[in-house]
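Asker: Quick one, what's the 3D model for this:
(chains A and B)
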Amino acid sequence: MAERAARRRRRLGGYLRAIGAVIWKDLAAELRSRELLGAMLVFALLVVLIFNFALELDVRSRATITSGVLWVTFTFAGTLGLNRSMAVEKDRGCLDGLLLAPVDRSAIYFGKTAANLIFLLIVAGVVVPLYSLLYNTNLLVPGLLAVIVLGCLGYIVVGTLLASMAVQARTRDILLPILLFPVVLPVLVAAIKATNGFLQGLEMADIWPWLNLLIVYDVVFTAAAFMLFDFVVEE
Amino acid sequence: MDATPRGLKILTWITVGLFALASYAVLVYAPREAVMGDVQRVFYFHVAAGWVGALAFLVAVIVGIAYLITKQRRWDTVGLASIEIGVVFTLINIVTGSVWARPIWNTWWTWDPRLVTATVMELVYVAYLMLRQGIDDPDRRARFGAVYAIIGFLSVPLTFLSIRIFRTIHPVVIGSNDPGAEGTFDMTAKMFQAFMFSLVTFTFIYATLLWHRIRLQHLADRVEQEKVRLLAG
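Answerer: Next up, the predicted model:
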């Protein structure tokens, strides 16, 4: 009995190590090439800049549209990152190498997802304080940061799965947003509404339904992607 | 396989007959709604088209799962056929809704959650068709199609829950209504009969189209095989 438990623990340890190795590989590659994060950050700032002119972000309108601007920025920058992170694997044959590794394939999926999430959260970590500074609105509210983490999680969980499908298609770069946006919309709607709630200082009772919806979709999409990833990469 | 199967011929004629009867039921048999007038008659086909859309997407998920388990091409054929039909009927649903909304809500379109989620559902399956178009290898196309049909369907429950979660102006004819709903009415017995008859008719239309579409796909596959054989020989 004890032996079986120990074996199970060893197997779980191996699984977590495999996830860690994939994350570490992505972070190390990014640290050396600095291709992805730089592009995502500059792109995100440009989106905010364009919104500034397009929407005339003055004091009054800022209160109501900040959450929309933030999430559109994260969504666009995220698409850029997802496309790139999967295209790199595909082009240089890394994906085949990864799939040959004697680990459960879902470990590869969770590793890629975690790495993508880290990149997107770094972008958010720069955009949010900068936005607060530039527009003199305090976005550093604990609840709001939790919404950003939950929203980015839901977005990346579906995004990583669909990106690994999109890179295998002929029309890959243009295909990802078309596949991703309609599916991930429930996550985005819930995140935008919850962000708006925190920014306008609504009661928690008004924000909870959206937070619940966000959490439910995070769980549902994670479970679905976990089960479906095998079919996406099998040859 | 070259001649149309006998069952399909019979089913097609039954469907044509049912559709004629349903048109009569909706346009003549059902009474004129007192407040909204004749435009309320859009409701019967509007809901029936929405029902076929939802049914088609549900079928696509079930055969998608069946394909991923068994890897048999025929499930993929059914899935593609079903989604193509679903896209058309969801579009009919949206357009007829718009026609009804113009006199009742005084606008063709409003950003109501119910309308938006129906549109999102439509876009999910348009994306599905684009995904398939971008992949040449038939096995991979079938696999990705099944995966996307399953993932996409997860956003569909929101469509049907939205009418209860969000505040909406879209009426619920069956069940309890949102107090803010506009254009709601109570069905009389004759209206209810016409409504149920449209639902049944549209379900028959779905089954007939599905069968035709699957048969068409088989023929297309065979043409493809013949082409390959000719080029090789």
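Asker: Close to chain A: what parts of chain B are there?
Answerer: By the rule C-beta under 8 Å from any C-beta of the partner chain, the part of chain B lying against chain A is B:68, B:120, B:123-124, B:127, B:130-131, B:133-136, B:140, B:143-144, B:146-148, B:150-152, B:154-155, B:158, B:165. Using the backbone N, CA and C atoms, a C-beta is placed for each residue, glycine as well.
Asker: Centroid-nearest residue for the chain?
Answerer: Just going to use chain A. With distances taken as C-alpha atoms, centre = their mean, the residue of chain A nearest its centroid is A:I156 (3.0 Å).
Asker: um, chain B though
Answerer: Central residue of chain B (C-alpha atoms, centre = their mean): B:G53, at 2.0 Å.
Asker: Can you name the residue of chain B nearest chain A?
Answerer: The minimum distance from chain B to chain A, using C-beta to the nearest C-beta, falls at B:G134 (3.7 Å).
Asker: got the residues of chain A near chain B?
Answerer: Residues of chain A lying near chain B by C-beta under 8 Å from any C-beta: A:158, A:161-162, A:165-166, A:168-172, A:175, A:178-179, A:181-186, A:209, A:213, A:220-221, A:224-225, A:228, A:231-232, A:234.
Asker: And the buried ones among those, selectable in PyMOL?
Answerer: The buried subset of those, as determined by 16 or more other C-beta atoms under 10 Å in any protein chain shown, is captured in PyMOL by this line:
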select buried, chain A and resi 158+161+162+165+166+168+169+172+175+178+179+181+182+183+184+185+186+213+220+221+224+225+228+231+232
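Asker: What about the residues of chain A next to chain B, which are in helices?
Answerer: Taking DSSP state H as the definition of helices, the residues of chain A next to chain B contribute A:158, A:161-162, A:165-166, A:172, A:175, A:178-179, A:181-186, A:209, A:213, A:220-221, A:224-225, A:228, A:231-232.
Asker: Need phi/psi at the residue in chain A positioned nearest to chain B.
Answerer: Closest residue of chain A to chain B, C-beta to the nearest C-beta: A:A169 (3.7 Å). Backbone torsions for A:A169, taken as degrees, to the nearest 10, come to phi -100, psi 170.
Asker: Quick one: residues contacting the closest residue to it other than its chain neighbours.
Answerer: Among residues not flanking A:A169 along the chain, B:G134 sits closest, at 3.7 Å (C-beta to C-beta, 6 or more residues apart in numbering or on different chains). Applying C-beta atoms under 8 Å, 6 or more residues apart in numbering or on different chains, we find B:G134 in contact with A:169-172, A:175.
Asker: what two of those residues are the furthest from one another?
Answerer: The two members of the contacts of B:G134 with the most space between them (C-beta to C-beta) are A:R170 and A:L175, at 8.6 Å.
Asker: chain center to the helix or strand of chain A with the lowest mean pLDDT, what's the gap?
Answerer: Using mean pLDDT, DSSP states H and E, helix A:94-100 stands out as the lowest-scoring helix or strand of chain A, at a mean of 84. Relative to its chain's centre, helix A:94-100 lies at 22 Å (C-alpha atoms, centre = their mean, to the nearest Å).
Asker: Which strands and helices lie in contact with it?
Answerer: In terms of contacts (3 or more C-beta pairs under 8 Å, 6 or more residues apart in numbering or on different chains; DSSP states H and E), helix A:94-100 is packed against helix A:59-91, helix A:105-135.
Asker: which one of those helices lies closest to A:R4?
Answerer: Closest approach to A:R4 among these (C-beta to C-beta): helix A:105-135, 21.5 Å.
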